[in-house]
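give me a model of this one.
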Amino acid sequence: MGFPGTWMTESESMVYRVVPKCACSTIGQIMYYSDHGRFFDGDIHDAEDGLHKWAREESQAPIRANVKTRSSYAFTCVRNPYTRILSSFFDKICGIQRNGRRYRGNLVPLLIQKYGIEVGGEDGREPFDQVRSFRRFLLFVRDTIRWRRPMEPDIHWSAVSGHVSTFIVNGGRYDSIFWTERFDEGMQAVLDRTRTPHRVDLAAIPRFNESEGHGPKRAHPVEAYFDDLSMHLVYEIYKRDFELFRYDFENPANKMPTGEIDLDEVHAKLGD
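From the prediction side, this is the model:
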């Protein structure tokens, strides 16, 4: 059994299940700082030492042993499906990535050809109809998730509950699941329950938004991108995310959770 997407501090003070587009860069840097008293110089996703990651073969045995015995505080962070899918569109589809190229090579040309989307030209900076292109992107997302065509679902727009579930199915248990929208409160609760080599002053920690500046600025409020059909598609794709993590499907303008997350319910429903 494996624990894909799982990171652990070298001191084994905490275990984190990464969920893309849910403050993962900031959380990773906090974990790194809590062990080393400094931040990783660069994107934490590129770090090949100083932090255990399941993707590193030498990290798998210590992560597996820790999660199986539930030796450390385990947590993850979730986000409103409406704002998360919008962020994925502007960052991964419209934006130029940190390597100077388009995300996943031929993905954007495929979307332009098959779904008629626009992305703001070669550099993502030309004006275009963001609402129309985003709604066409949603059709593509639905196709990848429901029928796995024209490609497999991407981690940046596959459901949060799917990421969260792998940790549970393979034998892990979360001590905390908190919201990106209440990040300081949730992350502080994690820090209060862990002993780290270096104290973390959350108020002094910068936000490491590695996707910021990759793509064009969002020109409209969140709710402008979602008509009745778009909302239906989002609910079809992310129904479990709305229900388990207590987000408001009826109102795309409300990014905040509407109730508390029930950890027992999450483990029961995602542990099948």
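
and the contacts of the helix or strand of the chain with the lowest mean pLDDT?
Within the chain, no helix or strand scores below helix 107-115, which has a mean of 94 by mean pLDDT, DSSP states H and E. By Cβ atoms under 8 Å, 6 or more residues apart in numbering, the residues outside helix 107-115 that reach it are 93, 102, 117, 118, 119, 136, 137, 139, 140, 150, 151. Heads up, the C-betas are built off the backbone N, CA and C, glycines and all.

and those, which is closest to residue 222?
Nearest to residue 222 among the contacts of helix 107-115 is residue 137, at 14.8 Å by Cβ to Cβ.

now the helices for the stretch 51-200 of the chain?
Assigned by DSSP state H, counting those that start in this stretch, the helices in the stretch 51-200 of the chain fall at 57-69, 81-88, 107-115, 130-146, 160-169, 183-192.

tell me the most buried of those helices?
helix 81-88 (a mean of 22; mean count of other Cβ atoms under 10 Å).

so where's this structure shaky on pLDDT?
By pLDDT under 70, the weakly predicted segments of the chain are 1, 210-214.

just give me the longest strand of it.
Counting residues, the longest strand found in the chain (DSSP state E) is strand 73-78.

from the contact counts, what lies against that strand?
Strand 73-78 is packed against strand 14-17, helix 160-169, strand 176-179, helix 183-192, with contacts defined by 3 or more Cβ pairs under 8 Å, 6 or more residues apart in numbering; DSSP states H and E.

Throw the ones you listed into TSV and include distance to residue 260, thanks.
Shown next, in TSV, are the helices and strands packed on strand 73-78 (distance: least, Cβ to Cβ, whole Å):
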stretch	distance to residue 260
strand 14-17	20
helix 160-169	16
strand 176-179	10
helix 183-192	12
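
tell me the buried residues in stretch 235-242?
237, 238, 240, 241, 242 (16 or more other Cβ atoms under 10 Å).

okay, those in CSV with secondary structure and distance to residue 113 next?
Shown next, in CSV, are the buried residues of stretch 235-242 (DSSP: H, G, I helix; E, B strand; the rest coil; distance: Cβ to Cβ, whole Å):
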residue, secondary structure, distance to residue 113
237, helix, 23
238, helix, 26
240, helix, 32
241, helix, 30
242, helix, 32
